[in-house]
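Chemist: I would like the atomic coordinates for the input below:
(one chain, ligands or ions: 1)
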Amino acid sequence: MAYVRASDPSFSKNTSEEKSEKIVNNIDHYQVYLRIKGVENLGELYEIENDILLCRVPTEFQRARNLEENESITRTFKFSKIIDPNSNQTKLFDEVIKEKVLEFINGSNCTLMSYGASGSGKTFTIIGTKEEPGIIPRSLEYLFRTLPTLPEVPLIKPNASGGISYMTEADCLKDKIDRQILLSKHTNMDCALQKQTYEAMQERLSNELVGLIDLILLNFQF
Ligand SMILES: Nc1ncnc2c1ncn2[C@@H]1O[C@H](COP(=O)(O)OP(=O)(O)OP(=O)(O)O)[C@@H](O)[C@H]1O
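Modeler: The predicted structure follows:
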C-alpha cells in the first residue's frame, strides 16, 4: 500500500542504516506501508524489525543460484511503516489513514494506491466488506462527519484546468442545489446492491469514533 509522501522499499542488499537514511531524505514525498495478510506466524522466511522486512532466501533457491550450501542471503526491505499483521481495519485506519484525511481537509492533496499480488488483500484493504469496511468507506465517513463541523465552508472549488475558482455565496448555493439534484438522481438509479453494501458499512461504522470527536482527541486547532 503506498501513500504518496515518503519512501521506496527498493529491492536491495543495503544495510538498514543506508536504507533509513534514504527514507528520511524522502520523507516528504511519499510513504510506503506494508500490510501482510492476516498470518499468525511469518515463519522462518520473514522477520520484521523496526519497519524493516527481512526475507531469507530458502535453501533450495540458494542451490539454484550456485551458492554455497550454508551461505545465507537475506534481503531487506525498508518501509515507512509495517502494519502489524494482526491489525484490523479500524486500527489500520486510525494509525495510518486518519491523519492523511485530516491533512486533506487542511488542503493537502493525497493519493493512495495499493499494490500487491493477486489475492494479497488490496480490495479488502481499500474497500473492505460490509462487516469490515476498508479505507474508502472509512475516509468518506470521516470526511462527511467532520466537514459539517468546520466553522466555514471554503468559497473555492477545483476547476477544469487543475486550478481553483473562487465562488460567491450565490455560486455556493447554486452548487449545493446542483449537488442535491445529482444525488437525488443517483438514488433513483439501479444500484440497490451497492447502496445496500454502503449502508451496511455506514451502519457498522456508526459505532466508531470518527470526525469531530477525533479532532478533539488530536487537539486539532481550527
Ligand atoms: N488482512 C486481511 N485479513 C483477513 N482477510 C483478508 C485480509 N486481506 C485479504 N483478505 C481476504 O483475502 C481474500 C483476497 O483478498 P482481496 O480480494 O482483497 O485480494 P486482491 O489483492 O484485491 O486480489 P485481486 O488482485 O485478485 O483482485 C479475500 O477473501 C479477503 O477477504
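Chemist: going forward, measure contacts between C-alpha atoms and count neighbours the same way
Modeler: Noted.
Chemist: ok, the closest residue to K122 other than its chain neighbours to the ligand distance?
Modeler: Once flanking residues are discounted, K122 sits nearest to S114: 5.8 Å by CA to CA, 6 or more residues apart in numbering. Here the criterion is CA to the nearest ligand atom, to the nearest Å. By it, S114 lies 8 Å from the ligand.
Chemist: run a quick neighbour tally on S114.
Modeler: 16 (other CA atoms under 10 Å).
Chemist: likewise F124?
Modeler: Using other CA under 10 Å, F124 has 16 neighbouring residues.
Chemist: could you do E141 as well?
Modeler: E141: 17 surrounding residues under other CA under 10 Å.
Chemist: would you confirm that it contacts Q202?
Modeler: Yes. Proximity of E141 to Q202 meets the contact threshold set by CA atoms under 8 Å, at 7.4 Å.
Chemist: ok, which residues in the chain are in contact with the ligand?
Modeler: Residues of the chain lying close to the ligand (CA under 6 Å from any ligand atom) are 37-38, 117-124.
Chemist: could you give me the PyMOL syntax to select whichever of the residues you listed are buried?
Modeler: What follows is the PyMOL syntax for the buried subset of the residues of the chain next to the ligand, where burial is set by 16 or more other CA atoms under 10 Å:
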select buried, resi 37+121+122+124
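Chemist: the residues of the chain next to the ligand in helices, which ones?
Modeler: Assigned to helices by DSSP state H, the following of the residues of the chain next to the ligand qualify: 122-124.
Chemist: which parts of the lengthiest helix in the chain are buried?
Modeler: For the chain, the helix reaching the highest residue count under DSSP H is reported as helix 169-188. Residues C172 are the ones in helix 169-188 that count as buried (16+ other CA under 10 Å).
Chemist: after it, next one along is what?
Modeler: Sequence-wise, the next helix or strand downstream of helix 169-188 (DSSP states H and E) is helix 192-205.
Chemist: now do that following helix: which elements does it pack against?
Modeler: Contacts defined by 3 or more CA pairs under 8 Å, 6 or more residues apart in numbering; DSSP states H and E place helix 192-205 against helix 135-146.
Chemist: who are the packing partners of whichever helix or strand comes after the helix it packs on?
Modeler: Sequence-wise, the next helix or strand beyond helix 135-146 is strand 156-158, with elements assigned using DSSP H and E. Counting contacts by 3+ CA pairs under 8 Å, 6+ apart, strand 156-158 packs against strand 164-166.
Chemist: now the strand it packs on: average pLDDT?
Modeler: Rounded to a whole number, the mean pLDDT of strand 164-166 is 83.
Chemist: next one: stretch 129-147
Modeler: Confidence over stretch 129-147 (mean pLDDT, whole number) is 87.
Chemist: what residues sit buried inside that stretch?
Modeler: 129-130, 132-135, 137-139, 141-143, 146.
Chemist: out of those, which comes closest to the ligand?
Modeler: Within the set of those, T129 lies nearest the ligand; the separation is 7.3 Å, counting by CA to the nearest ligand atom.
Chemist: can you get me a residue count around the closest residue to the closest one other than its chain neighbours?
Modeler: If the residues on either side of it in the chain are set aside, T129 comes closest to M201, at 7.5 Å by CA to CA, 6+ apart. Applying other CA under 10 Å, we find 22 other residues in the vicinity of M201.
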